[in-house]
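# predicted model and sequence follow; I will ask about them next.
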Amino acid sequence: MRPETFLQFVKKARLPVFFTWPLFLWYLLAMAMLIFGGHHSSALDIIVSVIIVSTGYGMLMYWFYRVTFTIYKAGQKAYLELDAHQIEIHENVKIYIKGFDLFSQKKFFPPSIEKTNYDFDAADFILTKNSIVLLGKSSAFGGLSYTYPIEIVITKRLTNMPAASFISRGLDGKGRLEMRIQDDHYSRPVTIVIKDRNHSDYLLNWLVSNSKSHQ
């Protein structure tokens, strides 16, 4: 699961436009100013300035991709931690998050890419007999972003990933599965709605069966 190297990831990744376009536009503007506004400078000064600005742009883009790749590969780390357990994988499940408020986070500092975040509209689910590992992803803003894995603990925690506790299950007005969870990093519970009916029915049956197996 998620076997790509960094270079392979860069080739296929689509960073959200709010990351890439402002930086790219800044780079084009800086290049234009150096080339067309540097008529009082020597050719060597312009070349050196272009190299410096290009290097800075490249380093910032590398940093964006490296951070995104680290979050992405954490999904593989979670998968490998579960290697000794019987698991099921369901990819690209469409979901809807209810009740998530980033400002209900109990502690904002220090910032970390490993902090839990429920701002996503799809996820890969790794099902075990004791928990669900959720690998969130979002297709907003013209790209594809990822969130750090979250283990929803039903009876026993199986990974070193950030965790949340399973509270209850139910159905919304359209008959879709709702999973209510409590993440200790937030003061309010979060509800995960499975939008796809086939996945919703399957996961509901799985939760019912899983709960019975631990009674």
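Right, received. Where do you want to start?
# can you spell out which helices and strands pack onto the longest strand seen in the chain?
Among the segments of the chain that qualify as a strand by DSSP state E, the longest is strand 88-98. Based on contacts counted as 3 or more C-beta pairs under 8 Å, 6 or more residues apart in numbering; DSSP states H and E, the elements that strand 88-98 packs against are strand 122-127, strand 190-194, helix 197-213. Any C-beta I mention is one placed from the backbone N, CA and C, and that applies to glycine too.
# mind redoing it with 7 Å?
Contact analysis of strand 88-98 by 3 or more C-beta pairs under 7 Å, 6 or more residues apart in numbering; DSSP states H and E lists strand 122-127, strand 190-194 as its packing neighbours.
# need those strands in TSV (columns: mean pLDDT and mean neighbour count).
Putting the helices and strands packed on strand 88-98 into TSV (pLDDT from 0 to 100; neighbours: other C-beta atoms under 10 Å) gives the following:
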stretch	mean pLDDT	mean neighbour count
strand 122-127	96	22
strand 190-194	97	22
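# count of neighbours near residue 163?
20 (other C-beta atoms under 10 Å).
# for it, give the beta-bridge partners.
Here residue 163 sits in beta bridges with residue 151, as judged by DSSP bridges.
# doesn't residue 154 make contact with it?
No - with contact taken as C-beta atoms under 7 Å, residue 163 and residue 154 are classed as non-touching, separated by 11.0 Å.
# what pairs with the longest strand of the chain, parallel or antiparallel?
For strand 88-98, using DSSP bridges, the partner strands are strand 122-127 (antiparallel), strand 190-194 (antiparallel).
# and the contacts of the longest one?
When contacts are taken as C-beta atoms under 7 Å, 6 or more residues apart in numbering, the neighbours of strand 122-127 outside the stretch itself are 75, 78-79, 82, 87-95, 132-137, 139, 206.
# partners of the helix or strand just after that strand in the sheet?
Along the chain past strand 122-127, the next helix or strand (assigned with DSSP states H and E) turns out to be strand 131-138. Using DSSP bridges, the strands paired with strand 131-138 in its sheet are strand 122-127 (antiparallel), strand 145-146 (antiparallel), strand 150-153 (antiparallel).
# got the angle between strand 131-138 and helix 197-213?
For the pair strand 131-138 and helix 197-213, the angle between their directions (axes from the mean of the first three to the mean of the last three C-alpha atoms, to 10 degrees) equals 160 degrees.
# from here on, call the first residue 9.
From this message on, residue numbering opens at 9, which makes the last subject strand 139-146.
# C-alpha coordinates for strand 139-146, CSV please?
These are the backbone C-alpha positions of strand 139-146, laid out as CSV (Å, rounded to 0.1, in the frame of the first residue of the first chain):
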residue,chain,number,x,y,z
SER,A,139,-10.1,-0.7,15.0
ILE,A,140,-10.4,1.3,11.7
VAL,A,141,-7.4,3.1,10.4
LEU,A,142,-8.6,6.1,8.4
LEU,A,143,-6.4,7.6,5.6
GLY,A,144,-8.1,10.9,4.8
LYS,A,145,-7.8,12.7,1.5
SER,A,146,-9.4,15.8,-0.1
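# closest one to residue 51 among the strands paired with strand 139-146?
Evaluated over the strands paired with strand 139-146, closeness to residue 51 peaks at strand 153-154, with 41.3 Å, by C-beta to C-beta.
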